[in-house]
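>>> Need coordinates for the below:
(2 chains)
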There are 2 protein chains.
Amino acid sequence: MTDTDDDAYEEPLFQRVIEYAAAADTDVVRMVSGHPDWEPPAALREGLKEYADGDPESFQYPPREGLPELRSQIAERRGVAESRVVVTNGAAEANYLAMAEALDRKPGSEVLVTDPVYPYYPGRTTMLGGEVTRVPVAADGHVDVEAMRDAASADTAAIVVNTPNNPTGAVYSPDAVAALADVAADFDALLVADEVYDHFDLSGRFESALTLDRDNVVVTTSFSKSLGITGFRVGYAVFPEDQIEAALTRHTLVNVAVSRPAQAAVAAALRETPPSYYESIRDTLRGRIDDFTAALDAAGAEYTTPEGAFYVLARFDGFPGTLENVERLIDDAGVAAMPGAAFGETYEEWIRFTLCTDRVDEAAGRLAAYFEGG
Amino acid sequence: MTDTDDDAYEEPLFQRVIEYAAAADTDVVRMVSGHPDWEPPAALREGLKEYADGDPESFQYPPREGLPELRSQIAERRGVAESRVVVTNGAAEANYLAMAEALDRKPGSEVLVTDPVYPYYPGRTTMLGGEVTRVPVAADGHVDVEAMRDAASADTAAIVVNTPNNPTGAVYSPDAVAALADVAADFDALLVADEVYDHFDLSGRFESALTLDRDNVVVTTSFSKSLGITGFRVGYAVFPEDQIEAALTRHTLVNVAVSRPAQAAVAAALRETPPSYYESIRDTLRGRIDDFTAALDAAGAEYTTPEGAFYVLARFDGFPGTLENVERLIDDAGVAAMPGAAFGETYEEWIRFTLCTDRVDEAAGRLAAYFEGG
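Residues are numbered from 1 along each chain as shown, chains lettered A, B, ... in the order given. Presented below is the predicted three-dimensional model:
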């Protein structure tokens, strides 16, 4: 494990790459940010229009815990009591509430995360006055449960995991997640399972941590990815019964409630969108993965094949994933991606490509040409 | 001044009154919650529908600082650099960011508020690890600047004020606000001025704290009241230049960004709504104030006449503003209002009536009959 001194929030690095790509005077395929490029469900658009015609009362404060017609659908789909659900401003707020709760129980203590890690987790930990401990993943990109167990201590307030995982694409096994809940329980800590990519399980093996039914597990997620609406900011957290009231209080003091037009649109989309919608997007992603990894083979790169989510990590010989090299790829190959170093040390030689573009073929061809020619 | 041990967040009291009123089997005029009952601008509805027809890209993450077409209008209207503006999830998040910033600069220190006070301020202070000091207002409901000066010390992280004021209806003079900024500056503290009722200045004397152009003043507000959309959750804060980056970082780690459909609708409404919209609502409120206070005169009550916002505090002889009496009013008079004790000690004998109903006449008649007959 590694304790890093600087767990500052990494958005500026994302931003810097995005701005660098936008400023390029050549055509650039954008594979930086994880926002869907596909069409949201038709019912979402219709739900928003219908909401816009409502009476003034429907434009006022929704219940702090979420619109009843949304919260009840969430509870039913997830098989949990409605009283455990808080609708949040995206998974971001859901994770914030869960981590704040954990660190309120043990002020000044540590949060265990994987390395590589989605940079918001360490950033949020530091903001909340906690210490970050990064535990390198196994060689296959999966969480290293034994290393997590070794790292955990009485100082541990929370273990935060993300499955399906950004950036490694690993879908953690139910046994691994259960073992992490045990480790957390041994030290009176919370396991926070961010399942925002649950609809993009390509392995068929994903199981929600909710199935564990533990009193120290908080599950967080959002509709940002599953409905293709990262800008709507609607997510939720499922807390253990004895922690929901504290989470609701914090939620209210920070946000009061989640934007109602967005909640109404999501409720309509959930009600009316068939499973085939989600399946067709998974099919699209499978095709993009095949195309992209074939080109990486042609370029002689090492890469991860995602079991879930929509990111591919690639390592090119003699071309480490530094910011400088990422900028070189933008300028010379016309492909924008994220430096692996943004996620920690474990994959700092790698580059993360997001498959949220219908120009994956084009990008793959450019990369193959660049590295074959190089 | 009073140090209270229990500065827990008071929403449960609001909720309790609202639920008690909803459970009544008789007709009750609802004057509890401060959400507008009037029609939002037509351009808001149209803006939301137009947004619903946008391409998938327009459904993705907006810039963390706010949609450019919204942020630029805010900056222009307020006469501040766009770089100082962060669009927030209502005034709630704006105040959270400002108070968190103040308490980050001076961990564990105190926040000065008035008594009476909007209960979210003390609740938020406690959540952020600060101490609350309540400074009673003057007899006319205005902030007591001398008492604030006496209460301030090296331990003061922020002075938080609300003008036009909920619940007293006072519109603070520019001189008073400037003096509070001076007091805060003397102790390297921030003055947070929550101006969420700025469009409901009925006195013609309101001036934004932004006109002070001080480097220790944060102004917060929202469109919840001015556009009649408390459920949309769109507000903003204007920070001093040297504090905006820290505020944006916290904003991103908690919320990433504000819901885009709501931002797009507000941007459209701002662009196209004429001043006459706001003036007509002020006229409506003036009429309601006249009707309601005339009935309070008839009932022999003492009351405040709001200079701004839409709340009237009333004191009925031998009928203190306890929760029990408020419940009695619901049952026996058919009028629901807030106990003054929810806002502190200064007005605990009083009851707060919200004028967000077109049944103010009916409520006034019921109160007059109840207290004249009583």
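>>> got the buried residues for the worst-scoring helix or strand of chain A on mean pLDDT?
None of the helices or strands of chain A scores lower by mean pLDDT, DSSP states H and E than helix A:11-23, at a mean of 81. Of all the residues in helix A:11-23, those buried under the rule 16 or more other CB atoms under 10 Å in any protein chain shown are A:11, A:13-14, A:16-17, A:20-21. Heads up, the C-betas are built off the backbone N, CA and C, glycines and all.
>>> Identify the farthest-apart pair in those residues.
With CB to CB as the measure, no two of the buried residues of helix A:11-23 lie farther apart than A:11 and A:21, at 15.5 Å.
>>> how does chain A divide up, domain by domain?
Domain ranges of chain A: A:11-39+A:276-373, A:42-272, per automatic domain parsing.
>>> wait, does the first one contact chain B?
Yes. Judged by CB under 8 Å from any CB of the partner chain, domain A:11-39+A:276-373 comes into contact with chain B through A:11, A:33, A:35-39.
>>> contacting residues for the residue nearest to residue A:362 when sequence neighbours are not counted?
Nearest non-adjacent residue to residue A:362, counting by CB to CB, 6 or more residues apart in numbering or on different chains: residue A:29, 5.7 Å away. Contact analysis of residue A:29 by CB atoms under 8 Å, 6 or more residues apart in numbering or on different chains lists A:334-336, A:357, A:359-360, A:362-363, A:366.
>>> Residue A:132: which element?
strand A:131-136 (DSSP states H and E).
>>> could I get that strand in CSV with only the CA atoms?
C-alpha atoms of strand A:131-136 as CSV (Å, rounded to 0.1, in the frame of the first residue of the first chain):
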residue,chain,number,x,y,z
GLU,A,131,-6.5,10.2,5.3
VAL,A,132,-6.3,8.2,2.1
THR,A,133,-4.6,4.8,1.9
ARG,A,134,-4.3,3.4,-1.6
VAL,A,135,-4.0,-0.4,-2.0
PRO,A,136,-2.7,-1.6,-5.4
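>>> Could you name the helices and strands sitting against that strand?
Contact analysis of strand A:131-136 by 3 or more CB pairs under 8 Å, 6 or more residues apart in numbering or on different chains; DSSP states H and E lists strand A:110-115, helix A:120-127, helix A:145-151 as its packing neighbours.
>>> ok so, going back, mean neighbour count, the domains of chain A: which tops it?
Most buried of the domains of chain A, by mean neighbour count (mean count of other CB atoms under 10 Å in any protein chain shown): domain A:42-272, with a mean of 22.
>>> And the residue nearest the centre of chain A?
By CA atoms, centre = their mean, chain A has its centre lying nearest to residue A:196, at 5.1 Å.
>>> Ramachandran coordinates for it?
Here is the backbone geometry of residue A:196 (degrees, to the nearest 10): phi -60, psi -20.
>>> For it, give its distance to residue A:163.
Taking CB to CB, to the nearest Å as the measure, residue A:196 falls 10 Å from residue A:163.
>>> same deal with residue A:296?
Distance check for residue A:296 against residue A:163: by CB to CB, it reads 24 Å.
>>> cool, and residue A:105?
The gap separating residue A:105 from residue A:163 is 23 Å, by CB to CB.
>>> what does residue A:264 give?
For residue A:264, the distance to residue A:163 equals 30 Å [CB to CB].
>>> Over to residue A:234?
Residue A:234 sits 21 Å away from residue A:163, going by CB to CB.
>>> can you check residue A:64 too?
Counting by CB to CB - residue A:64 and residue A:163 are separated by 29 Å.
>>> And residue A:187, by the same measure?
For residue A:187, the distance to residue A:163 - CB to CB - is 21 Å.
>>> cool, residue A:245 as well?
According to CB to CB, residue A:245 stands 27 Å off from residue A:163.
>>> Which one, of the helices and strands packed on strand A:131-136, ends up nearest to residue B:269?
Nearest to residue B:269 among these is helix A:120-127 (31.6 Å), distances taken as CB to CB.
>>> what about the closest one and chain B, any contact?
Yes. For helix A:120-127, a contact with chain B is found by CB under 8 Å from any CB, at A:120, A:123-124, A:127.
>>> what about that helix, distance to the chain center?
14 Å (CA atoms, centre = their mean, to the nearest Å).
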